[in-house]
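S.K.: Return a 3D structure for these sequence lines:
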Amino acid sequence: MIELVITALPLVALWVAAWLIYSLGYWWVSLLITIPAAGFLVRLFMIQHDCGHGSFFPKKWANDWVGRVIGVLTLTPYDFWRRTHAIHHATAGNLDRRGIGDVNTLTVREYFACSRWGRLKYRLYRHPLVMFGIGPAYLFLLQHRLPVGLMRGGWQPWISTQVTNAAIALIAAGLIWLIGIKAFFLVHLPITVLAGIFGVWLFYVQHQFEDTFWNESRSWNLHEAALHGSSHYDLPLPLRWFTANIGIHHVHHLHSRIPYYRLPRVLRDHPELRDIGRLTLFQSFRCVRLVLWDEVQQRLVSFREAGASNR
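M.R.: Here you go, the predicted model:
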């Protein structure tokens, strides 16, 4: 409960502060305030994430209903996201089960087997401006409005998505009526988009690093994929707090029922896990160029490396 309070209340306070300062005419100061506000929104999403794993509260009903309420604020339908994320955990690193809850990744062989148009589309998709600019806005503002990928997955993803959409529309309409449409979009939209960018970046780095793990189903192992296909994103302490220790991702994939506020204890008790898949903040920026899985070298490579290898 303390984790929830110290995340939600500062978010609300910063939102109100950004609106008040904007109303006084200092729009540029308001934009600066949206940066830490986006950090708290990311942390709120991480609480929703743990609720989806049933690890934040001891009771299932508490996890589910807190997750559903937070889903309105994060623009992420809880039941729909929980199902796709469970698929991600069950299939991460499996070359034969790509496509739901992950970053689309082609092998070198698949890429060069594509048509020229297919290669261009993949290059555009993996371009940083698309992946971390257009992509997050599309994901949270548009794609999450329908249960894409689970259209035949039963009624629950549909109900979750449509109820979340209705709640978002109701809250947005109320705030627009209260403060005006211009103030709403200039305060809330930057927070949402920034939080989306931060969230997509975190998810990207957690699995898209050079020595990650991919394999075909016959050679795929859940625990090996968890331990070696997920990074230990060793962030500075303030960023670790805002991201709710999600950087300890290899441990999270090994056992997703450990709540984020206990993940550091695992590293203290099992120091041999600290250096597995470890990435610093500086090292993580190099991951952007890694776009194709080289099945021969068993690592992610850049387009240039793949081209040289193919030649």
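S.K.: where along the stretch 101-250 of the chain do the strands fall?
M.R.: Under the criterion DSSP state E, counting those that start in this stretch, strands of the stretch 101-250 of the chain are mapped to 106-107, 232-234.
S.K.: and the last one, how far from the chain's centre?
M.R.: What that stands for is strand 232-234. In terms of Cα atoms, centre = their mean, to the nearest Å, the centre of strand 232-234 is set 15 Å apart from its chain centre.
S.K.: List the buried residues for stretch 189-199?
M.R.: When burial is assessed from 16 or more other Cβ atoms under 10 Å, stretch 189-199 yields the following buried residues: 190-199. C-beta: built from backbone N, CA, C; applies to glycine.
S.K.: same deal with stretch 3-22?
M.R.: By neighbour count with 16+ other Cβ under 10 Å, stretch 3-22 contains the buried residues 3-4, 7-8, 11, 14-15, 17-19, 21-22.
S.K.: Over that stretch, what's the mean pLDDT, rounded is fine.
M.R.: Stretch 3-22 carries an average pLDDT of 96.
S.K.: CA atoms of that stretch as CSV?
M.R.: The C-alpha coordinates for stretch 3-22 follow below in CSV (Å, rounded to 0.1, in the frame of the first residue of the first chain):
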residue,chain,number,x,y,z
GLU,A,3,4.4,1.7,-2.7
LEU,A,4,1.1,2.5,-4.3
VAL,A,5,0.6,5.7,-2.3
ILE,A,6,4.1,7.1,-2.8
THR,A,7,3.7,6.5,-6.6
ALA,A,8,0.1,7.7,-7.2
LEU,A,9,0.0,10.8,-5.0
PRO,A,10,3.2,12.5,-6.4
LEU,A,11,1.8,11.8,-9.9
VAL,A,12,-1.4,13.6,-9.1
ALA,A,13,0.5,16.5,-7.4
LEU,A,14,2.8,16.9,-10.4
TRP,A,15,-0.1,16.8,-12.8
VAL,A,16,-2.0,19.5,-10.9
ALA,A,17,1.3,21.6,-10.6
ALA,A,18,1.9,21.4,-14.3
TRP,A,19,-1.7,22.5,-15.0
LEU,A,20,-1.5,25.4,-12.5
ILE,A,21,1.9,26.6,-13.9
TYR,A,22,0.5,26.3,-17.5
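S.K.: Show residues contacting it.
M.R.: Stretch 3-22 is touched from outside by 29-31, 33-34, 36-37, 40-41, 43-44, 47, 56, 66, 179, 183, 186-188, 191, 261, with contacts defined as Cβ atoms under 8 Å, 6 or more residues apart in numbering.
S.K.: ditto for stretch 197-211
M.R.: 38-39, 42, 45, 92-93, 102-103, 105, 131-133, 135-136, 139, 228-231, 233, 243, 246-247, 249, 277, 279, 284, 286-287, 290, 299-300.
S.K.: Also stretch 89-106?
M.R.: Residues lying outside stretch 89-106 but in contact with it, judged by Cβ under 8 Å, 6+ apart, are 84-85, 87-88, 107, 114, 122, 125, 131, 149, 203-204, 207-208, 212-217, 220, 222, 225-226, 229-230, 253, 256, 291-293, 300.
S.K.: Buried ones among these?
M.R.: Buried members of those, counted by 16+ other Cβ under 10 Å: 84-85, 87-88, 107, 122, 131, 149, 203-204, 207-208, 212-215, 220, 222, 225-226, 229-230, 253, 256, 291-293, 300.
S.K.: Tell me how many other residues surround residue 257.
M.R.: Applying the criterion other Cβ atoms under 10 Å, we find 9 residues in the vicinity of residue 257.
S.K.: could you point out where this protein is predicted with low confidence?
M.R.: Confidence mapping of the chain against pLDDT under 70 gives the ranges 148-154.
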